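Novice: I would like to see how this sequence folds:
(2 chains)
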Amino acid sequence: SAVISQKPSRDICQRGTSLTIQCQVDSQVTMMFWYRQQPGQSLTLIATANQGSEATYESGFVIDKFPISRPNLTFSTLTVSNMSPEDSSIYLCSVAGPSYGYTFGSGTRLTVV
Amino acid sequence: SQQGEEDPQALSIQEGENATMNCSYKTSINNLQWYRQNSGRGLVHLILIRSNEREKHSGRLRVTLDTSKKSSSLLITASRAADTASYFCATDERAQKLVFGQGTRLTINP
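Specialist: Sure thing, here's the model as predicted:
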């Protein structure tokens, strides 16, 4: 299965600032997925990042708040913009495997103060 | 949106006992997957069961799938302290998107 390097692993940020999270995959993948996990909750899909096209956002998530880049088939970034304490969550990237399930990055634990 | 419910939300058992978690979902699926998450870190894929399969084993894990009831169960046998984690079921929807259940927090007491 693919191996994903996600960073930073954690950060504490001031409200009103932005944080960019990076995910590097050790193989080329068509789609990468970004999830949010709010404290004590399950995972919610933010968007699907496709190389060479705009990301597809799920209901409740907008590009101005969570801009995504996908410059090539092994790399993607998610930016959390103009942060507020409500954005404090774990953010995870993921890629799909053909038959073995999905691989997830180790997560970024974000605290906004 | 969440696909379904997991039951129980929390489970605490003694080491060596078996742990059973259940998952229900709402729509037709291609497959159902189980994941483990330790202390809010990344998710680890445990097992995938396809819609035409009824049971699957992997080491101490046993997964069943009942598509007529839209439910699945994960059994961990001979539990160990290292099994303490949150367990999530997830179903695939359109375009490879995973939809997760609420999760079960499993605690194994020594």
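
Novice: Enumerate the beta-bridge partners assigned to A:C93.
Specialist: A:W34 (DSSP bridges).

Novice: which residues does it contact?
Specialist: By Cβ atoms under 8 Å, 6 or more residues apart in numbering or on different chains, the contact set of A:C93 is A:I4, A:Q6, A:I21, A:C23, A:M32, A:F33, A:W34, A:Y35, A:S76, A:L78, A:F104, A:G105. C-betas here are computed from N, CA, C, even on glycine.

Novice: again with B:K69
Specialist: B:S24.

Novice: Give me the distance between it and B:N22.
Specialist: 10 Å (Cβ to Cβ, to the nearest Å).

Novice: about what we covered before: now, the contacts of A:C93 that are in strands?
Specialist: Using DSSP state E, the subset of the contacts of A:C93 located in strands is A:I4, A:Q6, A:I21, A:C23, A:M32, A:F33, A:W34, A:Y35, A:S76, A:L78, A:F104.

Novice: could you dump these to a markdown table with neighbour count, pLDDT and distance to A:C93?
Specialist: Formatted as a markdown table, the ones in strands among the contacts of A:C93 follow (neighbours: other Cβ atoms under 10 Å in any protein chain shown; pLDDT from 0 to 100; distance: Cβ to Cβ, whole Å):
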| residue | neighbour count | pLDDT | distance to A:C93 |
| --- | --- | --- | --- |
| A:I4 | 23 | 95 | 6 |
| A:Q6 | 22 | 97 | 6 |
| A:I21 | 23 | 98 | 8 |
| A:C23 | 27 | 97 | 4 |
| A:M32 | 26 | 94 | 6 |
| A:F33 | 24 | 95 | 7 |
| A:W34 | 25 | 97 | 6 |
| A:Y35 | 24 | 96 | 8 |
| A:S76 | 29 | 96 | 6 |
| A:L78 | 26 | 98 | 7 |
| A:F104 | 24 | 94 | 7 |
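
Novice: List the buried residues of stretch A:97-111.
Specialist: A:G101, A:Y102, A:T103, A:F104, A:G105, A:S106, A:G107, A:T108, A:R109, A:L110 (16 or more other Cβ atoms under 10 Å in any protein chain shown).

Novice: Then stretch A:27-44?
Specialist: Within stretch A:27-44, the residues that count as buried by 16+ other Cβ under 10 Å are A:V29, A:M31, A:M32, A:F33, A:W34, A:Y35, A:R36, A:Q37, A:S42, A:L43, A:T44.

Novice: Out of the buried residues of stretch A:97-111, which comes closest to A:P71?
Specialist: Of all the buried residues of stretch A:97-111, A:P71 sits closest to A:G105, with 17.2 Å by Cβ to Cβ.

Novice: Which parts of chain A are strands?
Specialist: Using DSSP E, strands in chain A cover A:4-7, A:10-13, A:19-25, A:31-37, A:43-50, A:56-57, A:68-72, A:75-80, A:89-96, A:102-104, A:108-112.

Novice: Report the rounded mean pLDDT for the shortest one.
Specialist: To tie it back to what came earlier, the one meant is strand A:56-57. Averaging pLDDT along strand A:56-57 gives 95.
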